[in-house]
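Asker: Pasting the sequence and the predicted coordinates here, then a few questions.
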Amino acid sequence: MSDKSIESIKIEELLPILDGISDAVFIDDCDGYCIWCNKACEDLYKISFYDVQGKHVQELEEMGVFTPSVTKRVLEENREITIIHENKYGKKLLTTGTPIFGKDDRISKIITTSRDITRLTSLKTQLENSAGPIIDINDIENLDFSKSDIIASSVTMQNVMVLTKRLATVNSTVLITGESGVGKGLIAKLLHEEGNRCDEPFITVNCGAIPENLIESELFGYVAGAFTGSRSDGKRGLFEAAQNGTIFLDEISELPLNLQVKLLRVIQEREITPVGGVTPIPVDVRIVSATNKQLMDLVKEGKFREDLYYRLNVVPINVPPLRDRPEDVLPLLQSNLIKYNESLHENKSFSPEALTVLLRYPWPGNIRELQNIIERLIITTSDDIITEDNLPIFIKDAAESNANIYLDASLSAAMEKAEREILSKALTSYKTTRAMAKVLQVSQPTIVRKLHKHGLGNGHPDESGDI
């Protein structure tokens, strides 16, 4: 690792990089005079470098360019500041001012970045105000999901369905999260079928199943003679195939880093360039992605681009695992028993004892495991009744262990309550997730996940930019 300090890096080395990003970037000196700003400032603030060069932040604030000036607060408080504000053109901005300290521990420069969150804020307001509370019992009763294969008897899954129904009416990019086998693909399909693109193509891409050397040409296509073995007339990519419809990028975490850059460009520019081609092709496609991994952890490990993460995670939908919605297990068992009886031309049913064991089993593989087990039982059971003796040993053992967990339910509930109280007090005292993580001696991502789990923090960014 280089020992070259930020202070010793010439600013000219950084400008080409900063000029190419989508966030607006300002660089001010230690006295608050503007040194430089990038091209993105023209879109967000309707100004050019020559409009602000050499001007003091106080003057720019009086001109209405900044309302208020974050740089001014950084100089006053000698620390990083993050605020959400609105510029004079009505755009809602998330702005962070970061001080750069010299060897004498004094501020030498301030770098300020601004991101347009107008669309995200508007969507949040739309969801909150469209029918009062986000989830309402009338919403659940009036929804028609007859076109989907999703079972939603539990309240948690009904909430997911209501949110999915509402998001189907807008074209925002959606990230679906959840463990393997929970039905993320069904949610993506429902988003498409309930939206205004329902009559257009729905294209599914498993980013983890396509070889790395082929995925670019599969996504974006290629022109004639692009590479050895390519078709003489070229090939249309999956983005083009999804034109005017929806493209579902499953296992998005497996997308190679070099392709992440190109996907980011597609999202920003709404155009693709085939392999070997030079002429961009406009695409009008809704992008829905899914992952069973914690993308923010991958961002911190340098395995996933942070800018792409925020572009994909405009509106998240989390699909809970089957163990967290036990009310759905019985309807899933019944519906899949009917489904596989029909496809296998059988008429099997469960004995009460077998059904009791299956209801106690925690289903670590979620719905996909449940479907596989039912199909296996129908095939391997010779009689019409599937008894407890027909069940695999590992299911009976796990069901017995899971039943014993209920004996510790009161202890578990008490621990959950204690954890929430500790997090709530820490949030009140320390404000930022990094400070909380340091005091509670856990990682910052762990704090973020637990705050989300307990519904604390309200999703607002803290002063260090954490969520």
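Answerer: Sure, I can see it.

Asker: count of neighbours near Gly389?
Answerer: You called it Gly, but residue 389 is Asp. With neighbours defined by other CB atoms under 10 Å, the count for Asp389 comes to 10. Glycine gets a C-beta too; all of them are placed from N, C-alpha and C.

Asker: Compute the distance between Phe350 and Leu359, please.
Answerer: Separation of Phe350 from Leu359 (CB to CB, to the nearest Å) stands at 10 Å.

Asker: If you could redo that for Lys109, that was the one I meant.
Answerer: From Lys109 over to Leu359 (counting by CB to CB), the distance is 62 Å.

Asker: circling back: Phe350 and Leu359: which is more packed in?
Answerer: Phe350 (23 against 16).

Asker: which residues of the stretch 351-467 of the chain score low on pLDDT?
Answerer: Low-confidence segments of the stretch 351-467 of the chain, defined by pLDDT under 70, are located at 402-418, 421, 425, 429, 431, 441, 457-467.

Asker: any idea where the helices of it begin and end?
Answerer: 352-360, 366-380, 393-405, 409-430, 433-440, 444-453 (DSSP state H, counting those that start in this stretch).

Asker: and what of the stretch 201-350 of the chain?
Answerer: With DSSP H, counting those that start in this stretch applied, the stretch 201-350 of the chain shows helices at 212-220, 238-241, 257-269, 295-300, 306-312, 329-344, listed in chain order.

Asker: Can you list the buried residues in stretch 372-392?
Answerer: By neighbour count on 16 or more other CB atoms under 10 Å, the buried set for stretch 372-392 is 373-375, 377-378, 381, 386, 388, 390-391.

Asker: Any idea which of the helices of the stretch 201-350 of the chain gets closest to Arg434?
Answerer: Set against Arg434 and scored by CB to CB, these come closest in helix 295-300, at 12.2 Å.

Asker: mean confidence for that closest one?
Answerer: Model confidence over helix 295-300, given as mean pLDDT, is 92.

Asker: same deal with stretch 172-180?
Answerer: Averaged across stretch 172-180, pLDDT comes to 93.

Asker: Pull the residues that contact it.
Answerer: Stretch 172-180 is touched from outside by 119, 123, 167, 184, 187-188, 191, 252, 267, 286-292, 295, 311-321, 365-366, 368, with contacts defined as CB atoms under 8 Å, 6 or more residues apart in numbering.

Asker: Among those residues, name the ones in strands.
Answerer: Secondary structure of the contacts of stretch 172-180 is defined by DSSP state E; positions in strands are 286-291, 315-318.

Asker: closest to Lys339 among these?
Answerer: In terms of CB to CB, no member of these lies closer to Lys339 than Ala290, at 23.1 Å.

Asker: Spit out the contact partners of Trp299.
Answerer: Check again: residue 299 is Val, not Trp. The neighbours of Val299, taking CB under 8 Å, 6+ apart as the test, are 305-306, 309.

Asker: give me that answer again for 10 Å
Answerer: By CB atoms under 10 Å, 6 or more residues apart in numbering, Val299 lies in contact with 305-310, 445.

Asker: mind putting those in TSV, neighbour count included?
Answerer: Listed next are the contacts of Val299 as TSV, based on neighbours: other CB atoms under 10 Å:
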residue	neighbour count
Arg305	19
Glu306	13
Asp307	17
Leu308	22
Tyr309	18
Tyr310	18
Pro445	16
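
Asker: Where in the chain is the helix or strand with the lowest mean pLDDT?
Answerer: The element with the least model confidence among the helices and strands of the chain, by mean pLDDT, DSSP states H and E, is helix 137-142, at a mean of 38.

Asker: which residues in the stretch 101-250 of the chain form strands?
Answerer: Taking DSSP state E, counting those that start in this stretch as the criterion, the stretch 101-250 of the chain contains strands spanning 107-116, 174-177, 202-206, 246-250.

Asker: Let's have those in JSON lines, adding mean neighbour count.
Answerer: Listed next are those as JSON lines, based on neighbours: other CB under 10 Å:
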{"stretch": "strand 107-116", "mean neighbour count": "20"}
{"stretch": "strand 174-177", "mean neighbour count": "23"}
{"stretch": "strand 202-206", "mean neighbour count": "18"}
{"stretch": "strand 246-250", "mean neighbour count": "24"}
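
Asker: Which of the ones you listed has the lowest mean pLDDT?
Answerer: Taking the mean pLDDT of each of the strands of the stretch 101-250 of the chain, the lowest value is held by strand 107-116, a mean of 85.

Asker: so what does that one touch, helix or strand wise?
Answerer: In this structure, strand 107-116 packs against helix 11-18, strand 24-29, strand 34-37, helix 40-45, helix 70-77, strand 81-86, strand 92-101, with contacts taken as 3 or more CB pairs under 10 Å, 6 or more residues apart in numbering; DSSP states H and E.

Asker: Deepest in the core, which of these is it.
Answerer: Here the criterion is mean neighbour count by mean count of other CB atoms under 10 Å, and of the helices and strands packed on strand 107-116 the winner is strand 24-29, at a mean of 22.

Asker: what's that strand packed up against?
Answerer: With contacts taken as 3+ CB pairs under 10 Å, 6+ apart, strand 24-29 sits against helix 11-18, strand 34-37, helix 40-45, helix 49-52, helix 57-62, helix 70-77, strand 92-101, strand 107-116.

Asker: rerun at 7 Å
Answerer: Taking 3 or more CB pairs under 7 Å, 6 or more residues apart in numbering; DSSP states H and E as contact, the helices and strands that strand 24-29 lies on are strand 34-37, helix 40-45, strand 107-116.

Asker: among these, which is nearest Pro331?
Answerer: Between Pro331 and these, the shortest separation by CB to CB is 42.9 Å, and it involves strand 107-116.

Asker: can you list contacts of the closest one?
Answerer: Outside strand 107-116, the residues within contact range by CB atoms under 7 Å, 6 or more residues apart in numbering are 7, 23-30, 44, 70-71, 74-75, 78, 91, 93-102.

Asker: how does it look with 6 Å?
Answerer: Residues from elsewhere that reach strand 107-116, judged by CB atoms under 6 Å, 6 or more residues apart in numbering: 23-28, 30, 44, 70-71, 74, 91, 93-100, 102.

Asker: Return the list of strands paired to it, each annotated with direction.
Answerer: Partner strands and pairing direction for strand 107-116 (DSSP bridges) are strand 24-29 (antiparallel), strand 92-101 (antiparallel).

Asker: Distance from the chain centre to that strand, please.
Answerer: Chain-centre distance of strand 107-116: 26 Å, with CA atoms, centre = their mean, to the nearest Å.
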